[in-house]
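In: what's the 3D shape of this:
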Amino acid sequence: MRGAVFTLVLAWPVAAIGGTRPVPDACTGAVNRNLVSFIGANMSSYQGNGEAHLDNVMVCGTATRPSFSQHSSARTHHGGHQVLSLTAPTEDGRSLLVEIVTNDELDGKVTAQTGDAVFAYGQAYIPSPNEHRPGDVHFAAGIHDTHCATHQGADDGWVVVARTRYPPNSCPVR
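Out: Prediction:
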């Protein structure tokens, strides 16, 4: 084999529009590890100025109440939204209250009932302490952009509620 040349090709994951992650088989604290780390790194210094965001974060948990509608505003930019409230387990046995905000136009209308299993993949954020939700609930974190990627660096997001995946159609290949 003298003089032979071998080429090794490695496939590296690329953080570009169009990738995604599979839905886990079960909801465990390990699924929520990146979200918990994001909260820990941003919670104490976050002032509600909209700067604490992280693309490509997964969360899972159980819906704590029926979802509710949130209509378009200057903050949400596009059409109506649905807000799903869930308790998310952590690896140390605690749980966090997390909101999933879906976009009716881009995800389809995503609803959940109390007790539904929920998985979501999108952009994590720390909600402003000044934002009020029904029942004066304050969430430790949220996930939005749970639809086909709309900006560079974001994977295609999704939500699964009681085994139904949204958006219902595959995202276009870019």
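In: Which elements pack onto the helix or strand harbouring residue 55?
Out: Using DSSP states H and E, residue 55 sits in strand 53-63. Judged by 3 or more C-beta pairs under 8 Å, 6 or more residues apart in numbering; DSSP states H and E, the packing partners of strand 53-63 are helix 33-42, strand 81-89, strand 95-103, strand 117-125, strand 141-144. Where you see a C-beta, it was placed from the backbone N, CA and C, and this is true even at glycine.
In: Of those, which is nearest residue 162?
Out: Nearest to residue 162, of all these, is strand 117-125, at 6.2 Å by C-beta to C-beta.
In: Can you give the strand pairings for the closest one, parallel or anti for each?
Out: strand 53-63 (antiparallel), strand 141-144 (antiparallel), strand 158-161 (antiparallel) (DSSP bridges).
In: got the CA coordinates for that strand in PDB?
Out: The C-alpha trace of strand 117-125 is given here as PDB (Å, rounded to 0.1, in the frame of the first residue of the first chain):
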ATOM      1  CA  ALA A 117     -46.600  15.400  28.700                       C
ATOM      2  CA  VAL A 118     -44.900  18.200  26.800                       C
ATOM      3  CA  PHE A 119     -41.500  18.300  25.000                       C
ATOM      4  CA  ALA A 120     -40.200  21.500  23.300                       C
ATOM      5  CA  TYR A 121     -37.100  22.600  21.400                       C
ATOM      6  CA  GLY A 122     -36.400  26.200  20.600                       C
ATOM      7  CA  GLN A 123     -34.900  29.400  22.000                       C
ATOM      8  CA  ALA A 124     -34.700  29.700  25.800                       C
ATOM      9  CA  TYR A 125     -35.200  33.000  27.600                       C
END
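In: ok, residue 33 - contacts?
Out: Residues near residue 33 by C-beta atoms under 8 Å, 6 or more residues apart in numbering: residue 91.
In: can I assume residue 102 is in contact with residue 160?
Out: No. Distance between residue 102 and residue 160: 11.5 Å, which falls outside the contact criterion (C-beta atoms under 8 Å).
In: of those two, who's got more company?
Out: residue 102 (32 against 19; other C-beta atoms under 10 Å).
In: Can you check the pLDDT for residue 36?
Out: Per-residue pLDDT puts residue 36 at 97.
In: these two touch, right, it and residue 96?
Out: Yes. Here residue 36 reaches residue 96: they are 7.2 Å apart, a contact under C-beta under 8 Å.
In: Show me the common contact partners of these two, please.
Out: residue 90.
In: tell me what the helix or strand of the chain with the lowest mean pLDDT is packed against?
Out: Ranked by mean pLDDT, DSSP states H and E, the weakest helix or strand in the chain is strand 68-70, scoring a mean of 87. Counting contacts by 3+ C-beta pairs under 8 Å, 6+ apart, strand 68-70 packs against strand 81-89.
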